[in-house]
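Undergrad: model the following, please.
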Amino acid sequence: MARTHYETLGLSRSCTAEQIRSAYRKLVLKYHPDRSTAPNAKEMFLRITEAYEVLSDPARRRDYDRLLDAQAAASRRASQPQTGGGRQVPPPGSGPRAGAAEPRTTLAQEIMRLTVLFSRGRIAEAERLARNLRQRAPRHPVPCAVLADIARARGNLVEAANLYAVAYQLDPKNELYRIRHDETARAVARRQHRDPVAQRRAQSVAPLVAASVVMLACVYLVLAKEGPILEHLPPVSTWTLGTAVMSFLSGIAIGASLLVGGYLDRFQSSLTTTVGRLSPNLALVSVAVVNFWLAALLYVALGLSQGAFYRSTSRLVGAVGAATLFLSLAAAVSDPISGWQVLLWAGNLVYVGAVCGWMVADALADA
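TA: Sure thing, here's the model as predicted:
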């Protein structure tokens with residue numbers, strides 16, 4: 001195991017600040033507890049974080065280098081024959097250090113705990129810890145970035161832009177902080193400079209477009225007289241090709257319309273958080289493929305228990321749930337299609353279609 005902070009990062013004492021940042025990023029990705037299966041991942045993550053906190057600060061690095069020099073000199077003296085009872089000085093990193101060593105270790109542990117809490121969707125706890133860490137360690141960028149992600153997910157774009165700016169100032173080499181700040185700042189500028197009348201019109205028309213597509217799909221289900229395509233599969237034995245197609249198209253209309261109306265955040269920006277957490281929208285897709293109502297129940301349960309509600313996700317889940325209810329009512333009126341089967345399973349296709357429509361509309365917005 002590495003003995004010094006330089007050895008922890010795999011660097012020499014003559015390394016540059018850029019080399020320290022580069023080594024830190026690579027090792028954090030390798031040993032992050034949520035990604036690594038190594039048995040010593042948690043311990044290594046703590047050591048890496050602590051090493052970076054010390055070596056990335058010029059003043060603390062100078063103090064640490066002086067400590068290394070003093071301990072090396074003491075070790076040399078201890079290795080020489082002595083007439084009295086000499087005392088062996090432990091190497092740096094192998095035991096308690098003087099001064100503020102213990103608080104630094106505690107800070108590294110708290111930063112790791114913050115990233116783990118946020119990565120696991122425990123938003124309320126992560127927010128409390130991030131605000132506490134901002135007071136204790138105002139020069140650390142991670143608490144600011146986490147709070148910025150939370151503010152953006154709740155639709156507080158001005159607060160999010162300010163926090164991303166602080167995080168980027170504290171860590172200017174982190175391009176993700178800069179990208180997120182620029183995206184959020186542009187969204188704030190568009191909102192402030194957009195014609196209020198045009199904005200209200202877009203917010204009114206977009207849901208109407210989605211509702212119109214869903215209503216047309218309902219009319220199709222009522223009037224179309226198709227034969228079932230999966231009659232030997234009991235859960236969807238009455239489903240027709242039109243049922244599947246109309247469900248998916250309804251979802252596409254919902255996702256695209258909500259983005260155009262400003263009800264959803266940019267899709268690319270919501271893929272991951274600044275600490276590498278997967279977007280809840282994408283995480284829910286994997287559950288919604290099995291059953292949408294199960295995914296919605298899971299989202300609500302986590303939101304209530306952990307304060308993990310996200311503006312875009314909540315609106316998307318609500319719209320998909322409403323569309324699924326209307327489609328099931330239309331199917332109940334139609335003779336060959338079971339309304340219960342549509343209610344239970346159509347949401348799967350509607351939600352996947354909504355995510356696809358959101359993604360395509362976001363891509364076209366940049367074209």
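Undergrad: quick one: the helices in the stretch 101-250 of the chain?
TA: According to DSSP state H, counting those that start in this stretch, the stretch 101-250 of the chain carries its helices in the segments 101-119, 123-136, 141-153, 157-170, 175-193, 196-223, 241-260.
Undergrad: which one of these has the lowest average pLDDT?
TA: Comparing mean pLDDT across these, the weakest is helix 101-119, with a mean of 72.
Undergrad: what does it contact?
TA: Helix 101-119 is contacted by residues 32-34, 42, 45-46, 49-50, 53-54, 96, 125-126, 129-130, 133, 136-137, 140, 142-143, 146, 149, 273, 275-277 when judged by CB atoms under 8 Å, 6 or more residues apart in numbering. Bear in mind the C-beta positions are built from the backbone N, C-alpha and C, glycine included.
Undergrad: try stretch 334-341
TA: Identification of contacts with stretch 334-341 by CB under 8 Å, 6+ apart yields 221-222, 224-228, 235-240, 243, 328-329, 331-333.
Undergrad: could you rerun that using 6 Å?
TA: In this structure, residues lying in contact with stretch 334-341 by CB atoms under 6 Å, 6 or more residues apart in numbering are 221, 222, 236, 238, 328, 331, 332.
Undergrad: before we move on, what about stretch 351-359?
TA: Stretch 351-359 has contacts (CB under 6 Å, 6+ apart) with 248, 251-252, 254-256, 259, 264, 267, 285, 288, 292, 316, 320.
Undergrad: follow-up on the earlier one: can you add mean neighbour count and distance to residue 298 and give the helices of the stretch 101-250 of the chain back as CSV?
TA: Formatted as CSV, the helices of the stretch 101-250 of the chain follow (neighbours: other CB atoms under 10 Å; distance: least, CB to CB, whole Å):
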stretch, mean neighbour count, distance to residue 298
helix 101-119, 18, 17
helix 123-136, 17, 15
helix 141-153, 25, 17
helix 157-170, 21, 26
helix 175-193, 16, 27
helix 196-223, 16, 24
helix 241-260, 24, 19
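Undergrad: could I get those helices as a markdown table with distance to residue 69?
TA: Putting the helices of the stretch 101-250 of the chain into a markdown table (distance: least, CB to CB, whole Å) gives the following:
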| stretch | distance to residue 69 |
| --- | --- |
| helix 101-119 | 17 |
| helix 123-136 | 30 |
| helix 141-153 | 30 |
| helix 157-170 | 29 |
| helix 175-193 | 35 |
| helix 196-223 | 63 |
| helix 241-260 | 58 |
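Undergrad: what's the closest of those helices to residue 343?
TA: Of all those, it is helix 241-260 that lies closest to residue 343, at 11.4 Å by CB to CB.
Undergrad: centre of the chain versus the closest one, how much separation?
TA: The chain centroid and the centroid of helix 241-260 are separated by 26 Å under CA atoms, centre = their mean, to the nearest Å.
Undergrad: same for that helix, what does it pack against?
TA: With contacts taken as 3 or more CB pairs under 6 Å, 6 or more residues apart in numbering; DSSP states H and E, helix 241-260 sits against helix 196-223, helix 339-365.
Undergrad: buried sites along the shortest one?
TA: Read it as helix 339-365. 339, 341-359, 361-362 (16 or more other CB atoms under 10 Å).
Undergrad: now do the same contact list for the residue nearest to the spatial centre of the chain.
TA: Nearest to the mean C-alpha position of the chain, by CA atoms, centre = their mean, lies residue 273 at 2.9 Å. By CB under 6 Å, 6+ apart, residue 273 lies in contact with residue 149.
Undergrad: how close does it sit to residue 265?
TA: Residue 273 sits 12 Å away from residue 265, going by CB to CB, to the nearest Å.
Undergrad: what does residue 235 give?
TA: 34 Å.
Undergrad: in terms of neighbours, single out the busier of those two.
TA: residue 265 (25 against 11; other CB atoms under 10 Å).
Undergrad: backbone dihedrals for that one, both of them.
TA: phi -70, psi 170 (degrees, to the nearest 10).
Undergrad: which one of the contacts of stretch 351-359 sits closest to residue 63?
TA: Of the contacts of stretch 351-359, the one sitting nearest to residue 63 (CB to CB) turns out to be residue 267, at 46.0 Å.
Undergrad: please look at the closest one and residue 362 and confirm they touch.
TA: Yes. Residue 267 is within contact range of residue 362, at 3.8 Å (criterion: CB atoms under 6 Å).
Undergrad: list the contacts for residue 10?
TA: By CB under 6 Å, 6+ apart, the contact set of residue 10 is residue 23.
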